[in-house]
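Visitor: sharing a model prediction with you, sequence too.
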Amino acid sequence: MSFNIGLSALNAAQQEISVTGNNIANSSTTGFKSSRTVFGDVYAASVLGGGGKQAGSGVTLQEIKQNFNQGNISFTNSTLDMAINGEGFFVLSGESGTSYTRAGAFGTDRNGFIVTGAGERLQGFLPSPTGQPTGGGPLEDLRVTTGEIPPRATTSVASVINLDASAQPSALVGNTITSNNGRSSAPVAITSGDDLENGYEANSISVLGSDNVTRLIDVAENSSANAVAQQFSAVNGVTARGTSVAYLTDFVNDGTTGDVNFNIGNLNFSQVIDTATPATIETSLQSIADKINATVTNISARVVDGTDIEVTHNTGADLRFHGGSTGAGSFNVYGSEYDSTDEEYSKSTDGPVAVNTTDGSSVLVGGIVNFTLDENVTFTAAEENGDGDTIDQTTATGSIFGDISGEDALDGIPFSTNQFDPKNPDTYYRSTAVTIYDSLGNQHSLTKFFVKERPDETGSNNLWSVYLQVDGRNIGYDPNSTDGEPVLARFDLRFDDNGIYDPNQTPIQITNWTPVDELGRQQGAGPIPGDPNVAEQLTNSNFTIDLSELTQFGGDFSVQSNNQDGFAKGQLTGLEINPRGLVSARFSNGQSRALGEVALANFSNPAGLSNLGGTKFGETSESGAASVSGAGTAGLGAIQSGALEDSNVDLPAQLVQLIISQRNYQAAAQVIGAQDTATQTIINL
């Protein structure tokens, strides 16, 4: 009996050494779980025997118990290396069936499947349509795409932008007034020694400025257009510009010297007028105009109709033509008429005044004033001047303003400036651009121009408009167009009194965009179906612009987001695995696509799993059936990408255990030796 006890002890010690040695051998094996031996004593069974008379029969190995405590996590440079931080096992599928492991050193095979070094495929779930982990579903072989993703055309653009509530309307409204309906003073002949007077009479105008202050402006007699312009430009909301234009014609050479010699602005000009043909006359006049342009400040000249010289003083000072000290020859002087519609001057229909340059006489021509009045600025013919003298406007028709006795004589012509022009930032508030894509993945730039509109008939100041262009080209659709060509795309934007976008506005649909390159050539991009509720343009590109998140708050213009759903084609550039085990592919176009979700399994009794080798375990009746779910759910741990779980072997403890097992082995051998000695003694009796 003692021999059997010793042999059982030797066998137990040997098994303990084997388990400890195996632990030590796998102390660097990724995902390895250490084991320990569990022994039990052996007694001979006796139905009627008492415990006080039972001698032990040795020892037996009851169990080799697996230790599933968490191992340390070491980081690597491979995304497909995965460690489980917490409970659970990776699920593998191979030729021998399903197995489970904590060793997460994965790679890909030639077909892109995620596999272990032995070729088993990692199992997981398909992601949701939106690319989110589901944590369940049929198990699938996880696969990494190695190709490229095709482009996707933009179908929706959404912006979150604040428009400054204090912004002023981009368009300017006002009116223009031209003095005396654009007619200059009639040429005034001035005898040598007389005062230089242009013939304008005195008058007074009452002006309501943009500062809501009314001012009375007395215009003195014989005031030049330049002087009048300066008087009125001092009023808030008034811009005034004086111009004087006269026409010189019918030149006659002096019979003695053979030329025409006259003076403009105290500068002398001399020229022989060749009257042989119309062409030679025009050449002679052009020579005079060239001399004037090269000599006199603020005065320009040009030949008109081959017979006249148009002389313009750009500041509105009176024009004086005379012979000076060496005058010779003669010519006629006409006044001018200004057409405010085409902004052109022409020779007055009134008869001319002759200039005889030899007798020292002069001709003086006064100019006109063009007034630009801001909104709500008005001119009114005054009833009294600054001295309190009554003015009868029905007879005061000789002033620079002409006849202003009519009730609407100074109403002017209304105008609206700053009509939207994408090339002129003064015509819109701000702009912002976002890159969009056609069906071939070509990039285009969608620009949104925001314009603050003037108050409507209700007085609301919460009105804006947005103009849209792609690559600087129009994309609007006009249902009344006969050729279908794109027009300027403009849409109204309305906000309530709290600065919130009015949700009742019609969505913005673009249905008339044909993608072209920078030279205007079509690139073959296919159309995106249009919206038949907007326009019957189903062959043209269409996308939606969502501005429902716009606000109109006090503060600067700010673009919080400018998003769209299109992208160009992309090549795989990398992988990402989040703690939930969602495997996503990153592409060169900035897109990310969910490929699958790593599945984890857990067991009621992990210690009951069978070791299959290769740090794999198999399901048994002792372990219970596997419960499969997503990482981070159902008590399962999280997944750490780019890391591996180390063996949980405590090497110093295992070395100590090895020494203890060795001593146990030696002690068991002594039991056998003692029994052998006793047996030998009996034989020798």
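Guide: All right, it came through fine. This structure is a prediction, so every number in the text was calculated from the model and none was measured. Numbers count the residues shown, from 1 in each chain.
Visitor: for the stretch 201-350 of the chain, what spans make up the helices?
Guide: Taking DSSP state H, counting those that start in this stretch, the helices of the stretch 201-350 of the chain run over residues 225-233, 278-295.
Visitor: which of the ones you listed sits closest to Thr130?
Guide: Distances from Thr130 to each of these were compared by C-beta to C-beta, and the smallest falls on helix 225-233, at 64.7 Å. The way it works is simple: take the backbone N, C-alpha and C, and place the C-beta from them, glycine included.
Visitor: before we move on, back to that, what about the helices of the stretch 201-350 of the chain, which gets the closest to Ala153?
Guide: Among these, the nearest to Ala153 by C-beta to C-beta is helix 225-233 (55.7 Å).
Visitor: rewinding a little: out of the helices of the stretch 201-350 of the chain, which one sits most buried?
Guide: Per-stretch averages of neighbours, counted by mean count of other C-beta atoms under 10 Å, single out helix 225-233 among the helices of the stretch 201-350 of the chain, with a mean of 21.
Visitor: elements contacting it?
Guide: In terms of contacts (3 or more C-beta pairs under 8 Å, 6 or more residues apart in numbering; DSSP states H and E), helix 225-233 is packed against strand 214-219, strand 238-252, strand 368-374.
Visitor: can you name the residues in contact with that helix?
Guide: If you take C-beta atoms under 8 Å, 6 or more residues apart in numbering as the criterion, helix 225-233 is touched by 179, 205, 207, 217, 219-220, 223, 238-244, 313, 315-318, 366-369, 371, 400.
Visitor: could you dump the helices of the stretch 201-350 of the chain to CSV with mean pLDDT and distance to Ile264?
Guide: CSV is the format used below for those (pLDDT from 0 to 100; distance: least, C-beta to C-beta, whole Å):
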stretch, mean pLDDT, distance to Ile264
helix 225-233, 96, 16
helix 278-295, 94, 7
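Visitor: make CSV out of those helices and add distance to Ser439.
Guide: As requested, the helices of the stretch 201-350 of the chain are exported to CSV (distance: least, C-beta to C-beta, whole Å):
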stretch, distance to Ser439
helix 225-233, 58
helix 278-295, 59
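Visitor: what's the closest of these to Pro503?
Guide: Nearest to Pro503, of all the helices of the stretch 201-350 of the chain, is helix 225-233, at 47.8 Å by C-beta to C-beta.
Visitor: the closest one vs strand 368-374, what angle?
Guide: Angle, helix 225-233 to strand 368-374, by axes from the mean of the first three to the mean of the last three C-alpha atoms, to 10 degrees: 20 degrees.
Visitor: show the contacting residues for Ser223.
Guide: Taking C-beta under 8 Å, 6+ apart as the contact definition, Ser223 lies against 200, 231, 400.
Visitor: and the residues you listed as JSON lines, adding distance to Ala381?
Guide: Supplementary listing: the contacts of Ser223 in JSON lines, determined by distance: C-beta to C-beta, whole Å:
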{"residue": "Tyr200", "distance to Ala381": "16"}
{"residue": "Gln231", "distance to Ala381": "16"}
{"residue": "Ile400", "distance to Ala381": "13"}
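Visitor: ends of stretch 343-358, what's the gap?
Guide: For stretch 343-358, the separation between the terminal residues is 36 Å (C-alpha to C-alpha, to the nearest Å).
Visitor: same question for stretch 272-284.
Guide: Between the start and the finish of stretch 272-284 there is a gap of 7 Å, counting by C-alpha to C-alpha.
Visitor: my guess is Lys242 contacts Phe371, does it?
Guide: One correction, residue 242 is Gly, not Lys. No - counting by C-beta atoms under 8 Å, Gly242 does not reach Phe371; the two are 10.2 Å apart.
Visitor: and Ala667, what element?
Guide: According to DSSP states H and E, Ala667 maps onto helix 651-684.
Visitor: helices or strands up against that helix?
Guide: For helix 651-684, the helices and strands in contact under the criterion 3+ C-beta pairs under 8 Å, 6+ apart are helix 2-25.
Visitor: which helices and strands does the helix it packs on pack with?
Guide: For helix 2-25, the helices and strands in contact under the criterion 3+ C-beta pairs under 8 Å, 6+ apart are strand 35-43, strand 56-66, helix 651-684.
Visitor: in the second one, what's buried?
Guide: Spelled out, that is strand 56-66. Judged by neighbour count using 16 or more other C-beta atoms under 10 Å, the buried positions of strand 56-66 are 58-59, 61, 64, 66.
Visitor: what's the following helix or strand after that strand?
Guide: Assignment by DSSP H and E places the next element after strand 56-66 at strand 73-75.
Visitor: which one of the helices and strands packed on helix 2-25 lies nearest to Ser325?
Guide: Relative to Ser325, the nearest member of the helices and strands packed on helix 2-25 by C-beta to C-beta is helix 651-684, separated by 121.8 Å.
Visitor: residues near Gln419, how many?
Guide: As a burial measure, the neighbour count of Gln419 was computed by other C-beta atoms under 10 Å and equals 10.
Visitor: can I take it that it is in a helix?
Guide: No - residue state for Gln419 (DSSP: H, G, I helix; E, B strand; the rest coil) corresponds to coil; a helix is not indicated.
Visitor: what are the phi and psi values at the closest residue to it other than its chain neighbours?
Guide: When the adjacent residues along the chain are set aside, Gln419 lies closest to Thr427, with 6.5 Å between them (C-beta to C-beta, 6 or more residues apart in numbering). Taking degrees, to the nearest 10, you get phi -100, psi 0 for the backbone angles of Thr427.
Visitor: likewise Asn424?
Guide: Dihedral angles for Asn424 - degrees, to the nearest 10 - are phi -120, psi 100.
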